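**Student:** my questions concern the predicted model and sequence given below.
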Amino acid sequence: MTPSELLSAVEEIAKTITGPAAADVDIQGRFPVESIDALKRAGMMGAAIPVELGGIGCSLSELGQMCMILGRKCTSTSMIVAMHHIQVASLVNHGLESDEMVAYVRSVASECRLISSGTSEMGPSGDMRQSVCFVSPNEKGFTIEKQCTAVSYGQMAQDILFQARKGEDSNSGDQATILAVEGTYDLKQVGTWDTLGMRGTSSPGGVLKVAGAPWQILDAPFSTVAAITQVPWAHSLWSHCWLGAATEAVDKASKVVRRKARSQPGQVPPVAYELSKLSGKLQVMRSLVKTFTDEYTSIASSSDHSNLKSLGFALRENNLKINTSEIAVEIVTEAMRIVGIGAYKNDGEASLGRQLRDVCSGSLMISNQRIHETNASMLLVHKSV
């Protein structure tokens, strides 16, 4: 299968499966099993894996487009797919040192394995660059116990990628990246996932206990994995998910305005001017996402990745996440005003309640306030504007 063929398959799945199931996924707060199963059959789990390793070899831009398409129908489904791709990219870009890891990555594509993220932890106050748990070496490999505040769709995934201190004596920022493979870990759920939005992501906290082999620890330190892959991929793909929800909101508002215009031939409905403003805001959001994704792709495809660790790039990737998460809320809220009571109702074709609740999560998943604090520190020494 080619990327374009997968894109066509995703469009069909979004239309025939993801969209029809979205309301029930939201109401029941359940994992979107029918959509994920369909995407697995289409080859989505191997989309970010190079062709030579059995995958489809999609670019970040192509993966983002697919997340956007899914995000129009169900932001939870889109976010699950995005999170999986981030974990896969981390392994492909930083973990192929051993034959065992190469074989594992091949199995992700061939066996349609879903990889979860377990980066959050009790203690570091949401800072994934700091860890409490640590790797304990033994004669067979290692053990780790991690108290996770959230494990992305953890009970539904086969494997989990997470970070921990390299050893008991390591400082909190001296971290390794670890792959917990099915059969080498136990995840005991702690609490529930009864949230305002993104209800289908099914990501309660848990106690993660791992007893793994040496190859499951990546050679690259987590700081490198995060800077080169995890953070830029996350901010790009998350933004595509929110862009999908925002695009759907504008589309619904556009249909309402056009219906009003047809009922008043020769007149421009007053809300059409509001729609014009909204369309411009959506264009700004699209441009932000595309500009950053293109910049990252250009640097990542070069032989010199040093710019990905620069203050300037860090500021731009942080600003992308802050701006798109906040603009998405503005767009959906303004679309609701244009649509009126139909957007407020949960049972109509113009309903936007789920989209609004979903995009409100954006500024909270890795708090925008925390990112602003990080940016403020960097701006004290970064001289370019």
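**Tutor:** Yep, that arrived. Numbering: from 1, shown residues only.
**Student:** dump the residue contacts of the spatially closest residue to S120 that is not a sequence neighbour.
**Tutor:** Leaving aside its sequence neighbours, S120 sits nearest to T149 (Cβ to Cβ, 6 or more residues apart in numbering; 4.3 Å). Any C-beta I mention is one placed from the backbone N, CA and C, and that applies to glycine too. Counting by Cβ atoms under 8 Å, 6 or more residues apart in numbering, T149 touches S120, E121, M122, G205.
**Student:** all the helices of the chain, in order from the start?
**Tutor:** 3-13, 19-28, 33-42, 60-73, 75-94, 99-110, 222-225, 231-263, 271-300, 311-339, 341-344, 353-359, 368-379 (DSSP state H).
**Student:** in the second one, what's buried?
**Tutor:** If I follow you right, that is helix 19-28. G19, A21, A22, V25, D26 (16 or more other Cβ atoms under 10 Å).
**Student:** do I have it right that the second one meets E34?
**Tutor:** Yes: counting by Cβ atoms under 8 Å, a contact exists between A21 and E34, whose distance comes to 5.4 Å.
**Student:** can you count the residues close to the closest residue to F162 other than its chain neighbours?
**Tutor:** Counting by Cβ to Cβ, 6+ apart, F162 lies nearest to G118, which is 3.5 Å off, once chain neighbours are set aside. G118 has 28 neighbours, counted by other Cβ atoms under 10 Å.
**Student:** from now on call the first residue 2
**Tutor:** Right, with 2 as the first residue, what we last looked at is G119.
**Student:** need the contact list for G119.
**Tutor:** Contacts of G119 by Cβ under 8 Å, 6+ apart are K147, C149, V152, S153, G155, I161, L162, F163, A181, L209.
**Student:** quick one: which of these sit in strands?
**Tutor:** K147, C149, I161, L162, F163, A181, L209 (DSSP state E).
**Student:** which stretches of the protein have low pLDDT?
**Tutor:** The model of the chain has no residue with pLDDT under 70.
**Student:** most distant residue from the middle of it?
**Tutor:** Centroid-distance maximum for the chain: G267 at 44.7 Å, with Cα atoms, centre = their mean.
**Student:** may I have the phi/psi pair for it?
**Tutor:** phi 80, psi 0 (degrees, to the nearest 10).
**Student:** just checking, A212 touches A181?
**Tutor:** No: A212 is beyond contact range of A181, at 9.4 Å (criterion: Cβ under 8 Å).
**Student:** those two: who's more crowded?
**Tutor:** A count of neighbours by other Cβ under 10 Å puts A181 above the other of A212 and A181, at 27 against 18.
**Student:** hey, what's the more buried one bridged with?
**Tutor:** Applying DSSP bridges to A181 yields these beta-bridge partners: I161.
**Student:** ok, now the one 5 residues further on?
**Tutor:** Each beta-bridge partner of Y186 is listed here, defined by DSSP bridges: V211.
**Student:** number of nearby residues for it?
**Tutor:** 21.
**Student:** next one: it from C134, what distance?
**Tutor:** 13 Å (Cβ to Cβ, to the nearest Å).
**Student:** with Q159 instead?
**Tutor:** On the measure of Cβ to Cβ, Q159 and C134 end up 21 Å apart.
**Student:** and these two? Which one has more around it.
**Tutor:** C134 (21 against 17).
**Student:** my read: the more buried one touches F143, true?
**Tutor:** No: C134 is beyond contact range of F143, at 11.5 Å (criterion: Cβ under 8 Å).
**Student:** looking at the ones in strands among the contacts of G119, which one is closest to V93?
**Tutor:** L162 (11.8 Å; Cβ to Cβ).
**Student:** by neighbours, which of the contacts of T150 wins?
**Tutor:** Result: E122 is most packed of the contacts of T150 (other Cβ under 10 Å), 24 neighbours.
**Student:** kindly state the domain boundaries assigned to the chain.
**Tutor:** 4-114, 117-221, 224-380 (automatic domain parsing).
**Student:** mean neighbour count, the ones you listed: which tops it?
**Tutor:** domain 4-114 (a mean of 21; mean count of other Cβ atoms under 10 Å).
**Student:** give me the distance from that domain to the chain's centre.
**Tutor:** 11 Å (Cα atoms, centre = their mean, to the nearest Å).
**Student:** start and end of it, how far apart?
**Tutor:** End-to-end distance for domain 4-114: 19 Å, by Cα to Cα, to the nearest Å.
**Student:** repeat that for stretch 174-193.
**Tutor:** Start to finish, the residues bounding stretch 174-193 are 29 Å apart (Cα to Cα).
**Student:** next one: stretch 333-346
**Tutor:** 14 Å.
**Student:** show me the contacts for the closest residue to R107 other than its chain neighbours.
**Tutor:** Leaving out its chain neighbours, the residue that sits closest to R107 by Cβ to Cβ, 6+ apart is G55, at 4.7 Å. Going by Cβ under 8 Å, 6+ apart, G55 touches G47, R107, A110, S111.
**Student:** which one of those residues sits closest to R355?
**Tutor:** Of those, the one sitting nearest to R355 (Cβ to Cβ) turns out to be G47, at 29.5 Å.
**Student:** how close does the residue lying closest to V11 once chain neighbours are set aside get to S264?
**Tutor:** The shortest distance from V11 to any non-neighbouring residue, by Cβ to Cβ, 6+ apart, is to M67 (4.7 Å). Distance of M67 to S264, given as Cβ to Cβ: 37 Å.
**Student:** repeat for Q159
**Tutor:** Taken as Cβ to Cβ, the span from Q159 to S264 is 53 Å.
**Student:** no further questions, thank you.
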